[in-house]
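>>> Got a sequence here, can you build the structure:
(3 chains)
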Amino acid sequence: MSCLQTIQDYALRAVTTDPDWALRALPKSDFTLCQQVTLIGSGLIWNIYFGVLALLAGFFFANALAVAKGAKSLLIRKPAEWFIFIFRGSPLFVQFFFGYFVFLSLKGVSPFFTPFTAAWLGALIVLFCNTAAYSGEIFYGALRSVPRGDVEAADAYGFSGFTRFRRIIWPTALRLAWPAYTNEAIFLFHATTLVFFSGFPAWQQKGDALYYASYFADKTFNPFVPYPILAGFFILLTLCILGIFGLINARLNRHLPQERRAKVKFKPNLMR
Amino acid sequence: MFSYCADPEALEGFTWLACYLTTGKHMSLYVSLGVVLLLLAITAPAALLFGFFGASAARSKLLPLRLLGKGYIAIVRGVPDIAFFLFFVIALDQGIEYLRHKALCPGWNEPIRQGNDFVVCTAAKMPLSTSPQWVHEVYGFSLAVLTFAIVFGAFAANVLFGAMRAVPRAQIETAEAYGMTRRQSFWRILVPQMWVYALPGLSNLWMVLIKATPLLFLLGVEDIVYWSKELGAAKLARYSDYPHGDWRMWYFLGLLVFYLLFTKLSEIVLERITRRLSHGQATTGGEALRKAAT
Amino acid sequence: MKKLILTTAALVFAGGMAMAESHMKTVRLGTEGAYPPYNFINDAGEVDGFERELGDELCKRAELKCEWVTNDWDSIIPNLVSGNYDVIIAGMSITAERDEVIDFTQNYTQPDPSAYLAMDGADVDLKGGVIAAQTNTIQAAFVAESGATLVEFATPDETIAAVRGGEADAVLADKSYLAPIADENADLVLLEQEELIGGGVGMGLRESDTELKETFDKAIQSMKDDGSLNKLLTKWEIGATF
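Prediction:
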């Protein structure tokens, strides 16, 4: 079987919904490098899916959490503080366990919760809460370190209330938080490998990159080929994230003089 | 443990629980708790050391050294820690045995790789197969510490690299004006001052390290998560004196509490260190302390 | 991955030959410790089960000093070929794929059929329903091809929990593993349908270790000949006797 044929057969193996496709057996003997690269790459679709969606949705929730944690009202502040503390203070592994457990119990109560026990939704929710807590803490720190001068200038220009927050405080905080947030994004993508490893079951051998890597490691009895392939894919993914976040960073800082732009980037910031 | 535990079937309520929680298997769980704390205590300084060398190499004047430092940071940071742990320890172990084999058995003619087998001479085995079990355990634990240190060293290197750049340029210039060499200004000015800039990053790294300990099992150390899973799984009467259903939830709840408490404790301690380090520093934190004192 | 377990008691087999101990060769036995009745960790935190008794007896007959090590199932073969222990004794079926990489002694159990475990009274469609299995087992590979929807879990315990929680209609695993569970839980039953997938179970060794393989082959044969192996098989309720 040529490599091109392998790619056609297996490139979308991890996400196919076609029943015939889903039944297509994974290779069982004479494993080629091409098969390993293709299938592990196919699984990477899931890592990207989890990472991108959790990050996008988590971003908005994180901002809300950050503002809530800085609120004066105890009723708003306490829940946000506890949410952040619990999700930042426990291993993701334990969070997946409880997530799956809770969704499974809820499924017994009402069939509405059936999709929640599947990784595509259940694990996504856990990852969403996790990244929201971490990013929320980063944004909270950034909101507190917005220079006084910026706020005073906003007051002088007659901004107040929500407008002042939206036009001045929030953009500045975002700029300050960005390097740390980039780190968080990288960690989140790495964390997606835990989904099938020790959280949610894999259906019909559709899993993420680590699932296929461990499949090959098990079948070939040789960990030195599939895991480095997985590592290679993730280095590429990390470079892409750094590139995209770098572009956004440049845009966020476009009004600053060259020298200060660079400085923001290297400021040691809260990382995860 | 207790004398009345001899016949568990006759026990009820509290006494049953007391006996159950003191079985040999539960003792292993409590011991593993200490193992995790020990690993953290050893790994943190080791990772810091790796980080320091990584960061120093990354800002070196020599190109090869600089590439080495930057490559180390970029590659190890780019790979998920699970993926790294899954093959790196075997590679490390084989690497050590290969080197010992070359050094100790020069007259050995057979190939080291025989098909799938990795065969070194008996004297090169690490540890020797005749050595008692505890030597094997200590060796396994050391490999785990080394692997953790390499992975988290890369993150620490990234933080320290940033911190070294964050020390105000004027400080170094002043040092040079006083006639210090590059080496002197590095050790006497840069290194003492960089910690306060590195601390937020390092404390976060510590938090990540705490939460990475469940991955210890991948490295061959039976940690609290392994024992919690093992103890929580349903037990049948024929294999255990204490049969029970699926109790994993309770054990994981215990794990959750352990990690949350440990995180809280770390936060309090790190807060104190930050205050200490800010003393006399040219930062806003240091300024605030100075104002509060006067 | 190195699986040098910190807490597994290093139960050096003494067998009343303490004096000769220093002259005996040390052999490290690797097992999983999570697959009763073959091997599991007992209340005292030690390796126990059919293979524990078998292994100790074989070492006594072969005059070897044996130490028990537990290792995660996923990496049990890579750690053997890498030399972290010398023998796998972990309920491992002899298959052609494994035989390419490692060597097996003769089998010490008869082929054990795989069985389905389901909720009592449930109507299970084995061809079109949802069947749970442990990841990377022969049963998982079997279900993947049978037409049923395969759902994989990391540990055998989770597969049972999945049937209870309604995630899967049935679980496919070795009969000797499932039978005691069906026995002690009123809500779970074994289905009549059984599948003969695996071969017998043998000890796995490095291909370069031919001498050790012969030693154990001889010891197993002697246990088969004098009926002591059959006694163990009956005691732990593992498949048919020889």
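
>>> which strands and helices sit next to the longest helix along chain A?
The longest helix of chain A (DSSP state H) is helix A:33-69. Helix A:33-69 sits against helix A:3-10, helix A:74-89, helix A:119-144, helix A:170-191, helix A:194-198, helix A:209-220, helix A:226-252, with contacts defined as 3 or more Cβ pairs under 8 Å, 6 or more residues apart in numbering or on different chains; DSSP states H and E. In this view, the C-beta of every residue, glycine as well, is placed from N, C-alpha and C.

>>> ok, longest helix in chain C?
When chain C is parsed with DSSP H, its longest helix is helix C:210-225.

>>> by how many degrees do the host helix or strand of B:I210 and helix A:119-144 diverge?
Using DSSP states H and E, the element containing B:I210 is helix B:191-212. Orientation check (axes from the mean of the first three to the mean of the last three Cα atoms, to 10 degrees): helix B:191-212 against helix A:119-144 gives 150 degrees.

>>> so what's C:L117 bridging to?
C:V171, C:L190 (DSSP bridges).

>>> who's in contact with it?
Under the criterion of Cβ atoms under 8 Å, 6 or more residues apart in numbering or on different chains, the neighbours of C:L117 are C:I160, C:V163, C:A170, C:V171, C:A173, C:L178, C:I181, C:A182, C:L188, C:V189, C:L190, C:L191.

>>> let's go with 7 Å and repeat that
By Cβ atoms under 7 Å, 6 or more residues apart in numbering or on different chains, the contact list for C:L117 reads C:V163, C:A170, C:V171, C:L178, C:I181, C:A182, C:L188, C:L190.

>>> Would you mind listing the two of these that lie farthest apart?
The two members of the contacts of C:L117 with the most space between them (Cβ to Cβ) are C:A170 and C:I181, at 12.7 Å.

>>> coming back round to it: what residues does whichever helix or strand comes after the longest helix of chain C touch?
Next in sequence after helix C:210-225, counting helices and strands by DSSP H and E, comes helix C:228-235. Helix C:228-235 is contacted by residues C:F50, C:E53, C:L54, C:E57, C:Y108, C:T109, C:M223, C:G239, C:T241, C:F242 when judged by Cβ under 7 Å, 6+ apart.

>>> about what we covered before: tell me which of the helices and strands packed on helix A:33-69 sits nearest to B:R238.
Short answer: helix A:194-198, nearest of the helices and strands packed on helix A:33-69 by Cβ to Cβ, at 28.4 Å.

>>> Would you tell me whether the closest one gets close to chain C?
Yes: residues of helix A:194-198 contacting chain C under Cβ under 7 Å from any Cβ of the partner chain: A:S198.

>>> which is the next helix or strand following that helix?
Next helix or strand after helix A:194-198 toward the C-terminus (DSSP H and E): strand A:202-203.

>>> Packing partners of that next one?
In terms of contacts (3 or more Cβ pairs under 7 Å, 6 or more residues apart in numbering or on different chains; DSSP states H and E), strand A:202-203 is packed against strand C:149-153.

>>> Please see if the strand it packs on touches chain B.
No: judged by Cβ under 7 Å from any Cβ, strand C:149-153 stays clear of chain B, getting no closer than 12.0 Å.

>>> Any idea how far that strand is from the middle of the chain?
Offset of strand C:149-153 from its chain centre (Cα atoms, centre = their mean, to the nearest Å): 21 Å.

>>> Quickly run through the sheet partners of that strand, with directions.
Strand C:149-153 pairs in its sheet with strand A:202-203 (antiparallel), strand C:130-134 (parallel), by DSSP bridges.

>>> Please dump the ones you listed into a markdown table; it should also carry mean pLDDT, mean neighbour count and distance to A:L74 for every row.
As requested, these are exported to a markdown table (pLDDT from 0 to 100; neighbours: other Cβ atoms under 10 Å in any protein chain shown; distance: least, Cβ to Cβ, whole Å):
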| stretch | mean pLDDT | mean neighbour count | distance to A:L74 |
| --- | --- | --- | --- |
| strand A:202-203 | 88 | 22 | 44 |
| strand C:130-134 | 92 | 26 | 47 |
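
>>> So which of the contacts of C:L117 is the closest to C:T137?
Comparing these against C:T137 with Cβ to Cβ places C:V171 closest, at 11.1 Å.

>>> isn't that closest one right up against C:A132?
Yes: using Cβ atoms under 7 Å, C:V171 is in contact with C:A132, at 4.4 Å.

>>> Identify the contacts common to these two.
In contact with both C:V171 and C:A132: C:T159, C:A162, C:V163, using Cβ under 7 Å, 6+ apart.

>>> With adjacent residues omitted, what lies nearest to the residue in the stretch 51-200 of chain A that chain C sits nearest to?
Closest to chain C within the stretch 51-200 of chain A is A:L104: 4.6 Å, counting by Cβ to the nearest Cβ. The shortest distance from A:L104 to any non-neighbouring residue, by Cβ to Cβ, 6 or more residues apart in numbering or on different chains, is to C:G165 (4.6 Å).

>>> Quick check: phi and psi at that neighbour.
C:G165 adopts backbone torsions of phi -80, psi 0, taken as degrees, to the nearest 10.

>>> Tell me, how many residues neighbour it?
The number of residues packed around C:G165, counting by other Cβ atoms under 10 Å in any protein chain shown, is 18.

>>> domain ranges for chain C?
Structural domains of chain C, as assigned by automatic domain parsing, span the residue ranges C:18-110+C:199-235, C:114-195.

>>> end to end, how far does stretch C:109-119 reach?
Distance between the two ends of stretch C:109-119: 29 Å, counting by Cα to Cα, to the nearest Å.

>>> Buried residues, that stretch. List them.
Neighbour-count burial for stretch C:109-119, counted by 16 or more other Cβ atoms under 10 Å in any protein chain shown, picks out C:T109, C:P111, C:D112, C:S114, C:A115, C:Y116, C:L117, C:A118, C:M119.

>>> For C:A140, state which of those is nearest.
Comparing the buried residues of stretch C:109-119 against C:A140 with Cβ to Cβ picks out C:S114 as the nearest, at 10.9 Å.

>>> Return the residues in contact with B:Y20.
Residues in contact with B:Y20 (Cβ under 7 Å, 6+ apart) are B:Y242.

>>> Let's see the pLDDT reported for it.
At B:Y20, the model reports a pLDDT of 88.

>>> What residue in the chain is the furthest from its centre?
In the absence of a named chain, this looks at chain A. A:A156 (39.4 Å; Cα atoms, centre = their mean).

>>> Stretch B:85-94 and chain A in contact?
Yes: against chain A, stretch B:85-94 shows contacts by Cβ under 7 Å from any Cβ at B:L86, B:F87, B:I90, B:A91.

>>> Make sure B:P214 is actually in contact with A:P91.
Yes: judged on Cβ under 7 Å, B:P214 makes contact with A:P91 at a distance of 5.0 Å.

>>> Tell me the buried residues in stretch A:104-118?
A:L104, A:K107, A:F113, A:F116, A:T117, A:A118.

>>> Likewise for stretch A:148-160?
Result for stretch A:148-160 [16+ other Cβ under 10 Å]: buried residues A:A154, A:F159.

>>> For that stretch, give me every contacting residue.
Applying Cβ under 7 Å, 6+ apart, the external contacts of stretch A:148-160 come out as A:R164, A:R167, A:I168, A:I169, A:T172.

>>> Tell me the spatial nearest neighbour of the last one, not counting adjacent residues.
Leaving aside its sequence neighbours, A:T172 sits nearest to A:V146 (Cβ to Cβ, 6+ apart; 4.9 Å).

>>> Please look at the one you found and A:P171 and confirm they touch.
No: checked against Cβ under 7 Å, the pair A:V146 and A:P171 is beyond contact range at 9.6 Å.

>>> Brilliant, that's me finished.
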